[in-house]
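>>> okay, structure incoming, though there's no sequence with it:
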């Protein structure tokens, strides 16, 4: 049985470290720089293409020292890119800095190491030595009134770099990442005989308000941030290996809230599968693929589960009968809800005929949750003994285990690549550890909306109790069965995992 309103979380994480062109073209000890960017894809951008993304410039601060005491070397230097410029000693593959009052710098072998930080565009960063940096130009969507364009110019920050003496005379290569995230939320329905002709989503402020914008809710105050031109502070930590940074936003120009809005659904849910172009709704600031530019979750904020709650109207395809379902809900585990910089997130929810909303009064505990099919039976009165045979009534149970899996989104559809699969199970807003089993299938096409029991019985099930399936390989299909008992009731859910071809680049985690 499929879940009524289930959230499949697909996290496309792209924080693999960039290694730039480590080429020394200057024949002396001048300090030179190189840079590149890791985009929200599996590929890193290098050379002139990276320089173009960075606006052909970066702001650099660098110091030298013995590990305790440091002296400034580069004080907010602007390093520029011009691939035709070859006359400066510090020139490296187009990157140079000798201009105006900025003079040539040479490696000092009496220093144990150097520390470097960088950001782009240069006018968005003001470094306080290599301790911290004030950053401008940050923006992201909170709701349909606090938003930025999907093509908003990004702000890039480089991972801090420590250069040891053995690596002097080589270019200082920065790995830049965007200080923004991208998020899209999709929804579709697979209820036989009906279509969803109206839908509204709740925000969980003090007085919940329903709107047509698909909404993610947090129980944590100020969990989401939005701004059109926000500012913040990056703080560097040189005690970690490698060196790292954290960031926080300034209150000025920032709007926070307990809910975040995605696209608008003004005429129900037209999507009937995860590959539909109508999956994400519409909004003027949405990209053509459904993404919104958002502000990453501040470092100090603890990850928390997110919920989606909605009302919807079912209209029969034949006859036009309508049924109103209220307060159907799904939960995304905290493992997938802290938005990291330079990362794109996709959340897809599916409404099935096992809805966990109610067609009655949501405040009346006697009205059950779920869609229960009308069934018929026959009984005949036996005149001889005047006894009516008792009929049977068949109903569908409502499982409440929600299964989540890491993976990639390809052409608006769901495709999982070979690697480790992590699965989370939720009962309400609580993460539980069920007993897992899976069946591996090859070479057969199945109707995944109907054949779960048949699939589950088509091969020998393999137990899987650790929460991570490490045997997933390319071009295979897995049927995963989850069993959970809360002490009073058994829950069962099935999850079909279709694995695509192996993908180049970093493996999933």
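Alright, I've got the coordinates. It should be emphasised that the depicted structure is a prediction, and the values quoted were computed from it without experimental measurement. Numbering: from 1, shown residues only.

>>> show me where pLDDT drops low in the stretch 151-300 of the chain?
Within the stretch 151-300 of the chain, the segments meeting pLDDT under 70 span 206.

>>> could you pull out the strands for it?
Using DSSP state E, counting those that start in this stretch, the strands of the stretch 151-300 of the chain run over residues 156-158, 161-164, 172-178, 181-189, 194-203, 209-211, 213-218, 224-237, 244-249, 255-257, 259-264, 292-294.

>>> just the stretch 1-150 of the chain next, same as before
5-12, 33-38, 44-45, 57-65, 70-81, 95-96, 113-120, 125-128, 132-140.

>>> can I get those strands in CSV including distance to residue 183 and mean pLDDT?
All C-beta atoms are positioned from the backbone trio N, CA, C, and that covers glycine. Shown next, in CSV, are the strands of the stretch 1-150 of the chain (distance: least, Cβ to Cβ, whole Å; pLDDT from 0 to 100):
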stretch, distance to residue 183, mean pLDDT
strand 5-12, 11, 36
strand 33-38, 18, 65
strand 44-45, 22, 77
strand 57-65, 27, 97
strand 70-81, 31, 95
strand 95-96, 33, 89
strand 113-120, 23, 97
strand 125-128, 25, 96
strand 132-140, 9, 95
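
>>> follow-up on the earlier one: identify whichever of the strands of the stretch 151-300 of the chain lies nearest to residue 311.
Nearest of these to residue 311, taken as Cβ to Cβ: strand 194-203 at 5.3 Å.

>>> each with direction, which strands does the closest one pair with?
Strand 194-203 has its sheet partners listed here by DSSP bridges as strand 209-211 (antiparallel), strand 306-316 (antiparallel).

>>> buried stuff in it?
Neighbour counts using 16 or more other Cβ atoms under 10 Å place 194, 196, 198-203 of strand 194-203 among the buried residues.

>>> biggest helix in the chain, by residue count?
Ordering each helix of the chain by length in residues (DSSP state H) puts helix 47-53 first.

>>> contacting residues for the closest residue to residue 142 other than its chain neighbours?
Counting by Cβ to Cβ, 6 or more residues apart in numbering, residue 226 is the residue found nearest to residue 142 once chain neighbours are left out, at 2.5 Å. Neighbour list for residue 226: 140-143, 146-147, 254-257, 294-295 [criterion: Cβ atoms under 8 Å, 6 or more residues apart in numbering].

>>> most neighbours of all these, which one?
residue 141 (30 neighbours; other Cβ atoms under 10 Å).

>>> how much space separates residue 161 from residue 479?
From residue 161 over to residue 479 the distance is 47 Å, taken as Cβ to Cβ, to the nearest Å.

>>> run through the bridge partners of residue 322.
Counting by DSSP bridges, residue 322 forms beta bridges with residue 315.

>>> quick one on the thing from earlier: in a markdown table: the strands of the stretch 151-300 of the chain, plus distance to residue 346.
What follows is these, written out as a markdown table (distance: least, Cβ to Cβ, whole Å):
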| stretch | distance to residue 346 |
| --- | --- |
| strand 156-158 | 23 |
| strand 161-164 | 32 |
| strand 172-178 | 17 |
| strand 181-189 | 5 |
| strand 194-203 | 17 |
| strand 209-211 | 21 |
| strand 213-218 | 12 |
| strand 224-237 | 17 |
| strand 244-249 | 23 |
| strand 255-257 | 21 |
| strand 259-264 | 11 |
| strand 292-294 | 11 |
